[in-house]
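[1] sequence first, predicted coordinates after that:
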Amino acid sequence: MFFEQLLNGLTLGSTYSLIALGYTMVYGILELINFAHSEIYMIGAFLGLIMVTVYKLPFPLALLITMAGSCLLGITIEKVAYKPLRKSTRIAPLISAIGVSIFLQNAVLMLAGPQARSFPAGINITTLNLGPFRISSLQLLILLVSIILMIGLHFLIQKTKLGQAMRATAQDKEAAQLMGIKIDQVISFTFAIGSALAMLGGLILGLVEMLGAVYMSRYKDAIAFAVLIFILLLKPTGLLGRRVQEKV
């Protein structure tokens, strides 16, 4: 029982981690919380649903189209809502981000309606029996894809020229621009792919929430938020972060 819930927590945590990628990289470069990121995730889900149910596309092709559409939407939001306010006060892009989030929520609600929809199974799901433990092939696929994406993003950021440009832009935009880095392109690319630096937090949160659902099901959400508050109080710069003093 504990092993199965541990696996469920890792699966849920890997999903949280992938969603958190965009938040961390955008904030790392622009110091802006992209409140519309969750709406992009939602629209991507609807886009994938349309590709599978309306156009009857195979699941892998629908996934690629959905990823491309989500990237395009992220770049469009950055160009329209954030770029014109890049040199404004800190509060202006924050209000714009909240406005984009509310707009996308209500636009999808108006077009798709409030009723819940189930996503059809695009792959054959089987159960693997490993002695007393049972593992779903879907869980293994989610973990495998998450690990591959995280490793790929880490390699991109740490080992490529584009990743070096992204890190330089995050450290000092003006100096990076003087060195010939096209920061507008770097920021647009950042909105498209996100970063893999929030993996650990997502995994821990998924484990805590799933184990809380087993042993204290009525308080699982409270436990998850309590862990978030505790970590923020203990490590406000992040689990793997460190304090950096600004030079004046």
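    Here it is on my side, so go on. Numbers count the residues shown, from 1 in each chain.

[2] wait, doesn't residue 35 sit right on residue 98?
    Yes - the criterion here is CB atoms under 8 Å, and residue 35 meets it with residue 98 at 5.2 Å. (Glycine included, C-beta is placed from N, CA and C.)

[3] between these two, which one's more packed in?
    Each of residue 35 and residue 98 has its neighbours counted (other CB atoms under 10 Å); residue 35 has more, 18 against 13.

[4] nearest residue to residue 14 in space, please, no chain neighbours.
    residue 146 (3.7 Å; CB to CB, 6 or more residues apart in numbering).

[5] looking at this structure, which helix or strand is least sure?
    When the helices and strands of the chain are scored by mean pLDDT, DSSP states H and E, helix 199-215 comes last with a mean of 53.

[6] could you look up the SS state of the residue nearest to residue 14?
    helix (DSSP: H, G, I helix; E, B strand; the rest coil).

[7] for it, give its distance to residue 161.
    Going from residue 146 to residue 161 by CB to CB, to the nearest Å gives 26 Å.

[8] which one's more surrounded, the two?
    More crowded of residue 146 and residue 161, by other CB under 10 Å: residue 146, with 22 against 8.

[9] wait, isn't the residue nearest to residue 14 in contact with residue 17?
    Yes - judged on CB under 8 Å, residue 146 makes contact with residue 17 at a distance of 6.6 Å.

[10] now residue 135: closest residue in space, sequence neighbours ignored.
    In space, residue 135 is closest to residue 128, 4.7 Å off (CB to CB, 6+ apart).

[11] which helices and strands sit right next to the helix or strand encompassing residue 153?
    In this assignment (DSSP states H and E), residue 153 forms part of helix 137-159. With contacts taken as 3 or more CB pairs under 8 Å, 6 or more residues apart in numbering; DSSP states H and E, helix 137-159 sits against helix 2-30, strand 127-130, helix 161-171.

[12] could these go into a markdown table alongside mean pLDDT and distance to residue 69?
    Output for those, formatted as a markdown table (pLDDT from 0 to 100; distance: least, CB to CB, whole Å):
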| stretch | mean pLDDT | distance to residue 69 |
| --- | --- | --- |
| helix 2-30 | 75 | 15 |
| strand 127-130 | 77 | 32 |
| helix 161-171 | 88 | 22 |
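
[13] out of these, which is the most enclosed?
    helix 2-30 (a mean of 19; mean count of other CB atoms under 10 Å).

[14] between helix 137-159 and it, find me the angle.
    Between helix 2-30 and helix 137-159, the angle formed by their directions is 30 degrees, by axes from the mean of the first three to the mean of the last three CA atoms, to 10 degrees.

[15] quick one: helix 2-30 to chain centroid distance?
    7 Å (CA atoms, centre = their mean, to the nearest Å).

[16] by contact count, what packs against it?
    Packed next to helix 2-30, using 3+ CB pairs under 8 Å, 6+ apart, are helix 37-53, strand 133-136, helix 137-159, helix 161-171, helix 183-193, helix 199-215.

[17] this completes my enquiry, with thanks.
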